[in-house]
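fold the following.
(2 chains)
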Amino acid sequence: MKLATWNVNSLNVRLPHVLDWLRDHQPDVLCLQETKQEDAKFPYQALKEAGYEAVHIGQKTYNGVAILSRHPLSNIQYNIPNFDDDQQRVIAADINGIRVICAYIPNGQALDSDKYQYKMRWLNALSDWLKTELVAHPKLMLLGDYNIAPEDRDCHDPAAWIGQVLVSPPEREAFQRLLQLGLHDSFRLFEQPEKSFTWWDYRMMGFRRNFGMRIDHILVSDALKPACISAQIDKVPRKLERPSDHTPILLTLA
DNA sequence: ATGGCTTATTGTATAAGA
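As a prediction, the model looks like this:
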């Protein structure tokens, strides 16, 4: 079983890239973030013709998450239960006996911003919810844009990023708390090239110079860890015309 | 180098991303 996650930075703009990528890789599941569209505009039909059922929750301009699947989706959850949030950042479904959670964790903007406070509250709510979710669904995966580079090796220039959002100690601690729930960073279960990143700034030729960050992740529960066969970042879509600033990561399960 | 892109908006400048 192949599962992937990709922040597309507007599905309206990126749908051709997504359809090409689905055709080339045929994943069982693809989680999308930043669809940036209301559900009425979501391309259910085009995805169906490509062989994928989809569930989506979105809003105009910002946020929006979707799960595309070649297998039936059930038990759909929209957003974090009991957490008052007007931003559409989480969607979850049962697929082939696995609880698949697609999340777009807030960026935080800057450490002294209200948005950073929101990010930290949001991470706490996510953690609390996952605690109970893991009891109900031992086979669980959390895929998405975390907006956290967990370690210095996940940042192209750690010294330049000290004190910045994405790498601050409280954010990294929140990431570690997710791991302490019994989740594993599937990318690090395997040997990986140095300077592996999933996002590069559009500016300053970030991609060409590999000035990137690894901020998109696929965490898997204890019960799923032994089934992991491979994990890789696919840099190809980042090289296309008018790319998303993020590129997909792909996990293969036995 | 606090942005040099890119996206969307009842736009023609602004907000946000990371």
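
could you use CA atoms for every contact and neighbour count after this?
Will do.

I'd say A:L181 and A:K131 touch.
Yes: here A:L181 reaches A:K131: they are 6.6 Å apart, a contact under Cα atoms under 8 Å.

and the strands in chain A?
Assigned by DSSP state E, chain A shows strands spanning A:2-7, A:29-33, A:53-57, A:65-69, A:74-78, A:90-95, A:98-104, A:140-145, A:183-185, A:199-200, A:212-213, A:216-221, A:228-233, A:249-253.

so which of these is the most packed in?
strand A:29-33 (a mean of 28; mean count of other Cα atoms under 10 Å).

what parts of chain A come near DNA strand B?
A:7, A:9-13, A:36-37, A:60-61, A:106-109, A:115, A:147, A:164, A:166, A:199, A:201-204, A:213, A:215, A:242-244 (Cα under 7 Å from any atom of the strand).

of those, buried ones?
For the residues of chain A next to DNA strand B, a burial check counting by 16 or more other Cα atoms under 10 Å picks out A:7, A:9-11, A:36-37, A:106-108, A:147, A:166, A:199, A:213, A:215, A:243-244.

related to what we said a few turns ago, how about CSV for the strands of chain A, with distance to A:Q176 added?
Output for the strands of chain A, formatted as CSV (distance: least, Cα to Cα, whole Å):
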stretch, distance to A:Q176
strand A:2-7, 20
strand A:29-33, 22
strand A:53-57, 28
strand A:65-69, 24
strand A:74-78, 24
strand A:90-95, 20
strand A:98-104, 17
strand A:140-145, 14
strand A:183-185, 9
strand A:199-200, 21
strand A:212-213, 17
strand A:216-221, 11
strand A:228-233, 20
strand A:249-253, 20
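
need these in CSV with mean pLDDT, can you?
What follows is those, written out as CSV (pLDDT from 0 to 100):
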stretch, mean pLDDT
strand A:2-7, 98
strand A:29-33, 98
strand A:53-57, 98
strand A:65-69, 98
strand A:74-78, 98
strand A:90-95, 98
strand A:98-104, 98
strand A:140-145, 98
strand A:183-185, 98
strand A:199-200, 98
strand A:212-213, 97
strand A:216-221, 98
strand A:228-233, 98
strand A:249-253, 98
